[in-house]
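Visitor: no FASTA, just this:
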């Protein structure tokens, strides 16, 4: 077992090496700040869909005790380490070799690389949690004590985002037999973990339906000559070409995917014997996830567009590649089982060292085919420092709280101080006040509309060149250095409260008082978060009461 | 005989892995790839793009 921890630690160190430098890794959706405030916007955002609920509240809470830079490193280390260790422990093999192969095949994947480079660390928590959840389901089926608490606790980190929560819920429903009291308990508990974002979505002013243009914009993408579906088969295929390791474009990559699938095919019978019952159910889950991932890039695209545009919550399906997580786990386990089978055959026919050679080769294959995941995507995960202006502005806004409008009205931008890396506007997490940012997303030449009616109104107002002062925000924050700075006419009627080289803060002295809070919505948000926390505490205590914790 | 077989297996496995590694590394550093060669470079003229397909 020590060897498996060693392998997990080694993979973690190699992948996250640049995080040894001080600062914050800011990439796309990954925004950590020194001290994220705990306010109502973190519990249930009033104007946007709850894409980071309950994640933001958890980060804010953890930030009370742990500084942002350390929290970020803890989260990223947990993702890689737990993914590798979880797959290794789940792998049904008596020898260490196939377990090591499973660890590398699951923790060194295009999926992990691409989502990490897109900054979606919270989704990767679901990725890291899935092997632990499947292991708990296996134990639950076998009637081992303590399995139900472990199952729910494994689902908890997955449920910090809506997508992860849905994957965890689907996993419980598919992995466990339907007509069972235990399944009902487990499903109800995992559904309870999903309550925070469900309640926030129901009480938010943002509409539940999304722009159907998001389906082609976020559909799986061909990374090489073999097409989008084959990219998915290798666990790649993310929509954003700028977060794809360059090795994925190699002409050889599709052939290695074929090799992976071939070995995995040979390993399937071994896997089914090693995980009786669970393996078949995992394959069903993986197939369902793969179909969802492929839907946007195939003939089912128009159907998906209808779902996204008409069904509340359908927008969760538009970036379908996210749902490859169960497929990635099934592929890693089957590949390791296949490598183990080949190793045993060769060792029997020739000598043990031949088998070992195959296992070493199989363990290194994921690394060899994706070498540019090493060292944080060859330096892509480089920490940077926030300009000092951010602290000054946070203090000014904190001293006189009020709604903030963040300009340029773009949700994602590149800045000189992030070395030109795209990052989501840090203002909502840095400032202790409600901050309105643009929730429309630009994907190349296409703009995918957001869901917030207020953001849409502000967008139209600003596009007409009218003053921001008329919008009623107490503060207007202007982020400098990214271009697209607002014209002077937009800032008419505002008083410059702070001018730095990276930020300007403008005050609107004539701003009306903030609109009355939706007390009912807040009560519901607190109740939902409380219910989810109570579920985690209950199962945690249940597990602690057992003398031996069979993790 | 067994030793010879081991050497053959090692040679083939090592050769395949080496070739895969070299090709993959060439893909990684090849500037003609249709996506970022250096993620820290500004590859898109617009500064407000979430991503590019």
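Guide: Perfect, I can see it now. This one's a predicted model, so the numbers in the text were calculated from it and none came from an experiment. Residues are numbered from 1 along each chain as shown, chains lettered A, B, ... in the order given.

Visitor: so who does residue A:16 touch?
Guide: Residue A:16 sits next to A:73, A:76, A:77, A:80, A:376, A:381 when contact means Cβ atoms under 8 Å, 6 or more residues apart in numbering or on different chains. Where C-beta positions appear, they are placed from N, C-alpha and C, glycine not excepted.

Visitor: before we move on, what about residue A:528?
Guide: Residue A:528 is in contact with A:195, A:196, A:198, A:199, A:200, counting by Cβ under 8 Å, 6+ apart.

Visitor: any idea which element it lies in?
Guide: Element membership of residue A:528, judged by DSSP states H and E, is helix A:519-545.

Visitor: how about the backbone phi and psi for residue A:50?
Guide: phi -80, psi 70 (degrees, to the nearest 10).

Visitor: one more: residue A:203?
Guide: Phi and psi for residue A:203, reported as degrees, to the nearest 10, are phi -100, psi -10.

Visitor: check residue A:321 too.
Guide: Torsion angles, degrees, to the nearest 10, at residue A:321: phi -60, psi -20.

Visitor: ok, it touching residue A:239?
Guide: Yes: Residue A:321 sits in contact with residue A:239 when judged by Cβ atoms under 8 Å, with a separation of 6.9 Å.

Visitor: residues in contact with both of those two, list them for me.
Guide: Common contact partners of residue A:321 and residue A:239 (Cβ under 8 Å, 6+ apart): residue A:220.

Visitor: where does the prediction get shaky in chain A?
Guide: A:547-551 (pLDDT under 70).

Visitor: ok and the residue in it nearest chain B?
Guide: Closest residue of chain A to chain B, Cβ to the nearest Cβ: residue A:250 (2.8 Å).

Visitor: you'd agree that residue is up against residue A:224?
Guide: Yes: counting by Cβ under 8 Å, residue A:224 is a contact partner of residue A:250 at 6.8 Å.

Visitor: so what's residue A:483 closest to, chain neighbours aside?
Guide: Of all residues not flanking residue A:483 in the chain, residue B:47 sits nearest, at 4.6 Å (Cβ to Cβ, 6 or more residues apart in numbering or on different chains).

Visitor: count of residues packed around the one you found?
Guide: Per other Cβ atoms under 10 Å in any protein chain shown, the neighbour tally for residue B:47 reads 18.

Visitor: got the residues of the stretch 1-150 of chain A near chain B?
Guide: With Cβ under 8 Å from any Cβ of the partner chain as the criterion, the stretch 1-150 of chain A comes near chain B at residues A:28, A:117, A:118.

Visitor: give me the element the residue nearest to residue A:35 when sequence neighbours are not counted is part of.
Guide: With sequence-adjacent residues excluded and distances taken as Cβ to Cβ, 6+ apart, residue A:35 is closest to residue A:63, at 5.5 Å. Using DSSP H and E, residue A:63 maps to helix A:55-65.

Visitor: packing partners of that helix?
Guide: On a contact count with 3 or more Cβ pairs under 8 Å, 6 or more residues apart in numbering or on different chains; DSSP states H and E, helix A:55-65 meets helix A:40-43, helix A:68-90.

Visitor: and if we set it to 6 Å?
Guide: helix A:40-43 (3 or more Cβ pairs under 6 Å, 6 or more residues apart in numbering or on different chains; DSSP states H and E).

Visitor: packing partners of the helix it packs on?
Guide: Packing contacts for helix A:40-43, counted by 3+ Cβ pairs under 6 Å, 6+ apart, involve helix A:55-65.

Visitor: go again using 10 Å as the cut-off
Guide: The helices and strands touching helix A:40-43, judged by 3 or more Cβ pairs under 10 Å, 6 or more residues apart in numbering or on different chains; DSSP states H and E, are helix A:55-65, helix A:195-203, helix A:427-430, helix A:519-545.

Visitor: not counting its own residues, what contacts that helix?
Guide: Residues outside helix A:40-43 that contact it (Cβ atoms under 10 Å, 6 or more residues apart in numbering or on different chains): A:36, A:46-48, A:50, A:52-61, A:196, A:199-200, A:428-429, A:431-435, A:517-518, A:521-522, A:524-526, A:528-529.

Visitor: just the buried subset of these, please.
Guide: Listed as buried from those are A:36, A:46-48, A:50, A:52-61, A:196, A:199-200, A:428-429, A:431-435, A:518, A:521, A:524-526, A:528-529; burial here means 16 or more other Cβ atoms under 10 Å in any protein chain shown.

Visitor: the residue of chain A closest to chain B contacts residue A:234, correct?
Guide: No: using Cβ atoms under 10 Å, residue A:250 makes no contact with residue A:234, being 11.2 Å away.

Visitor: for residue B:11, give me the pLDDT.
Guide: For residue B:11, the pLDDT comes out at 70.

Visitor: shouldn't it be within a helix?
Guide: Yes: checked against DSSP: H, G, I helix; E, B strand; the rest coil, residue B:11 lies within a helix.

Visitor: that one: neighbour count?
Guide: Neighbour tally, residue B:11, other Cβ under 10 Å: 11.

Visitor: tell me where chain B is predicted with low confidence.
Guide: Short version for chain B, where the test is pLDDT under 70: B:1-10, B:13-14, B:16-46.

Visitor: hmm, try it at 90
Guide: Residue ranges of chain B with pLDDT under 90: B:1-48.

Visitor: quick one on the thing from earlier: quick one: which of the residues of the stretch 1-150 of chain A next to chain B is nearest to residue A:162?
Guide: For the residues of the stretch 1-150 of chain A next to chain B, the minimum distance to residue A:162 (Cβ to Cβ) is 16.5 Å, reached by residue A:118.

Visitor: pretty sure that closest one contacts residue A:218?
Guide: No: counting by Cβ under 10 Å, residue A:118 stays clear of residue A:218, with 11.0 Å between them.
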